[in-house]
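1. Sequence and predicted structure are below.
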Amino acid sequence: MRLVMTEPVEKMERPYARRWWALLVLCLSLLIIVMANTALTVAAPDMTRDLGLSSADLQWVIDGYTVPYAALMLLLGAIGDKYSRRGALVLGLAVFGGGAVFGYLADSSTTVIAARAVMGVGAALIMPATLSLLAATFPRAERAKAIVLWTATAGLAIAAGPVVAGALLRDHGWSSTFLINVPIAAVAIVLAFVLIPPSKAGHHDRIDYVGGLLSVLWTGSLIYMIIEGPHFGWHAKAIAAAVVAGAGLVAFVLWELRHPRPILDVRRFAHRRFAGSNLAVALFFLAVFGAFYYLTQHLQFVLGYDALQTGVRMLPLAGAVFVGSALTGFLTPRVGMKWTVSAGMVGGTTALALLTRVDAGSTYNDFLAPLIILGLAIGLALSPCTDAIMGAFPESELGVGGAVNDTSLELGGSLGIAILGSLLATSYGNHLSDATAGSKLPASALDTAQDSVGAGYAVVQGIVEKANQLGTQAAHSTDPRQAAQLKQQAAELAAGARQMADAVGSSFSDAVAHTSLVGAVILGIGTVLVAVLLPRREKPAPGVKEQERELADSAAA
């Protein structure tokens, strides 16, 4: 047995014998990309305290990863197709691991954001490579099963990130969460050479670099606008990004329509199955990322779970994704992807609708059913859509196909966090303002508390500490009259702290319910649109005939 795989998969007469082991490497690579974001959600409070991050700093620590990741995928996927898909994977893992080490050593908001951006570039290389190598290595008859396992890995990573990060945070600082990715990346690099055969496109046409750069321009500007506008206001930066995104998209579409070998044939979006699948992925992850954003906050801040306890309580979601993925492998061949995907989106809508019942008295048990239903929905909907998107591209453009799928996912996730996150913040601030009307607290403290639920509980903690200080002073006072006054002030502050804590918790719970309602409406409308778009019959995807011609030409040669 060769230590390093050197025979290209395109030249193999039979399906690659160790393809399921190769899939394990691809799933490991996918694991660290998703964990890089979900682990950060539980490390964010410690990072904020240690580095003194503002809300804007924290937002860009999270999204500094997203902008290069979403913007570069299409171009880097095409480059991987032309030169080496395995090479793109290995290079991406090396860049990602290097960025993680950089993040571990970072000691300021600027360096953490820079490290996250480097990791985003690595992820933009890795993500399309995992799908293109999967599609190239597995025969079409087995591809759907492989994609089911790939999807299930994403669900596992959603819950694994908080669990591993939470375990580390018990004995180590936030920077240790960056190191989660390094050993996995190192192992994946070694196994990639041993288990994954080389693969690249059969033709050697020049890459449409103009189209690629236009895709970077409009996608990056759109993501920047999505982040900047809802969170920081529609100022000059956000408006300029919106204009650039719109003009860039128009220029990209016109260029691709005229180019003989476009980096992405935009005519594919005229096909209902392809367009419906991309819309389903985007809308579904709008709901999933948005819900994950506020559910982890509710578990940590309102219900008082630490990072590890929060991660453990997200595990039912991961288990349900595995079950849903297994169901889609059974159901889709029998009833068709239209019904499987629609059922998944109905399930996602139901999960969000159940979250509208959250209130100040809700416990973890009230979140358990929505988490399980949401996990089942992810498993049901995502795999058939990914298979349909990848099936729309010929073998020579599998990297581009993976990039299109992942860009839809990332755009949806960014929109979810931006739209639902912004709505959550506004709703929380409004509810807290009503709940504290007439309060004797300083206006500056109330303004701070309205910034976020974390800031609200920080204000409460400050009041408690002040009350404790007055109580200590009263205990040491030799003047009975002064001691009585201090005790009374301490008691009033303690009562005010309890009232403030109740107001913060109930306001955030009401905001979660309100935001979930909006999310359910968005996903419900999207479910109807996707059900209308997806054809009842399974038609050959665009690109399949071209693919068959290429295979025939190769066989003749």
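-> Ah, there it is. Residues are numbered from 1 along each chain as shown.
2. make it CA atoms for all contacts and neighbour counts henceforth
-> Noted.
3. In this model residue 471 seems to touch residue 486, though I could be wrong.
-> Yes: between residue 486 and residue 471 there is a contact under CA atoms under 8 Å: 6.6 Å.
4. so how many other residues sit close to residue 438?
-> Burial of residue 438 is recorded as 8 neighbouring residues (other CA atoms under 10 Å).
5. Can you check the pLDDT for it?
-> On pLDDT, residue 438 comes in at 72.
6. Regarding it, what is its secondary structure?
-> Three-state call for residue 438 (DSSP: H, G, I helix; E, B strand; the rest coil): coil.
7. quick one: residue 100 and residue 182 touch, right?
-> Yes: the criterion here is CA under 8 Å, and residue 100 meets it with residue 182 at 6.6 Å.
8. who's more crowded, those two?
-> Ranked by neighbour count (other CA under 10 Å), residue 100 and residue 182 place residue 100 first, with 27 against 19.
9. I'd like the distance between the residue nearest to the more buried one when sequence neighbours are not counted and residue 104.
-> Here the nearest residue to residue 100 in space, its sequence neighbours aside, is residue 178; by CA to CA, 6 or more residues apart in numbering that works out to 5.1 Å. To residue 104, residue 178 is 6 Å away according to CA to CA, to the nearest Å.
10. Who has more neighbours out of these two?
-> Neighbour count, other CA under 10 Å: between residue 178 and residue 104, residue 178 has more, with 24 against 19.
11. how about that one, what does it touch?
-> Residue 178 makes contacts with 36, 100, 101, 103, 104, as judged by CA atoms under 8 Å, 6 or more residues apart in numbering.
12. Need the worst-confidence member of those residues.
-> residue 36 (84).
13. In terms of secondary structure, what does the helix or strand where that residue lies contact?
-> Taking DSSP states H and E as the criterion, residue 36 maps to helix 19-51. The contact analysis (3 or more CA pairs under 8 Å, 6 or more residues apart in numbering; DSSP states H and E) places helix 19-51 against helix 55-63, helix 109-137, helix 140-169, helix 181-195, helix 272-297.
14. so which of those helices comes closest to residue 314?
-> Minimum separation from residue 314 across the helices and strands packed on helix 19-51 (CA to CA) falls at helix 140-169, 5.4 Å.
15. follow-up on the earlier one: quick one: which of the contacts of residue 178 is nearest residue 335?
-> Closest to residue 335, out of all of these and judged by CA to CA, is residue 36, at 35.8 Å.
16. any idea how far the residue nearest to residue 100 lies from residue 96?
-> According to CA to CA, residue 178 and residue 96 sit 10 Å apart.
17. hey, where'd the helices end up in the stretch 351-500 of the chain?
-> With DSSP state H, counting those that start in this stretch as the criterion, the stretch 351-500 of the chain has helices at 365-391, 398-435, 443-449, 453-476, 480-533.
18. and the ones you listed as a markdown table, adding mean pLDDT?
-> Shown next, in a markdown table, are these (pLDDT from 0 to 100):
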| stretch | mean pLDDT |
| --- | --- |
| helix 365-391 | 91 |
| helix 398-435 | 86 |
| helix 443-449 | 80 |
| helix 453-476 | 84 |
| helix 480-533 | 89 |
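19. any idea how far the closest residue in space to residue 431 that isn't next to it in sequence lies from residue 429?
-> The shortest distance from residue 431 to any non-neighbouring residue, by CA to CA, 6+ apart, is to residue 507 (5.1 Å). Taking CA to CA as the measure, residue 507 falls 8 Å from residue 429.
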